[in-house]
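Visitor: Mind folding the following:
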Amino acid sequence: MRSDQPNCAVLLVEDEPLIRMAAADAFEDASVPCFEAGDADEALIKLSQHPEICVLFTDINMPGSMDGMGLAMVVREQHPEIELIVTSGKCAYSNSDLPGSGTFLPKPYFGARLIELVKEKLASFAERRSARN
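Guide: You can find the predicted model right below:
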């Protein structure tokens, strides 16, 4: 991660443990701090506990009180500064279907593409933060 992003982390929300572990490993290998959640409710708790989260990476199809698209909408409303990446292997969306400047990443995805996309989102977050200061 670039030195101008010292306090940025990703929140990874995925209910399938093996997929979540693979993505978390990719983030670790790329030195991108990552918090993990298995559903939207857990994700909202993590968001309240970790202000350094600046990218949400969520699966759409998850059990619980809301799916990943609902989570993305809530995060956009409550934390408009957080960048969004939404993924699914069961349905396809275009970026224009997502809130804000969200990006859709279809499954299966390669770890390298995920890391590239996350780093783009981290850079965008850092640019917006610099413009505000």
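
Visitor: Just to check, residue 39 is in contact with residue 15?
Guide: Yes: counting by Cβ atoms under 8 Å, residue 39 does reach residue 15; the two are 5.9 Å apart. Heads up, the C-betas are built off the backbone N, CA and C, glycines and all.

Visitor: any idea how far residue 94 is from residue 106?
Guide: Using Cβ to Cβ, to the nearest Å, residue 94 is found at 11 Å from residue 106.

Visitor: So for the lengthiest helix in the chain, what gets flagged as buried?
Guide: The single longest helix within the chain, with elements called by DSSP state H, is helix 111-132. Neighbour-count burial for helix 111-132, counted by 16 or more other Cβ atoms under 10 Å, picks out 114, 115, 117, 118, 119, 121, 122, 123, 125, 126.

Visitor: Please name the residues that touch the second one.
Guide: Taking Cβ atoms under 8 Å, 6 or more residues apart in numbering as the contact definition, residue 115 lies against 26, 27, 30, 32.

Visitor: how about a cut-off of 6 Å?
Guide: 26, 30 (Cβ atoms under 6 Å, 6 or more residues apart in numbering).

Visitor: Distance-wise, check it relative to residue 34.
Guide: Taking Cβ to Cβ, one finds residue 115 at 11 Å from residue 34.

Visitor: can you count the residues close to residue 89?
Guide: As a burial measure, residue 89 scores 14 neighbours (other Cβ atoms under 10 Å).
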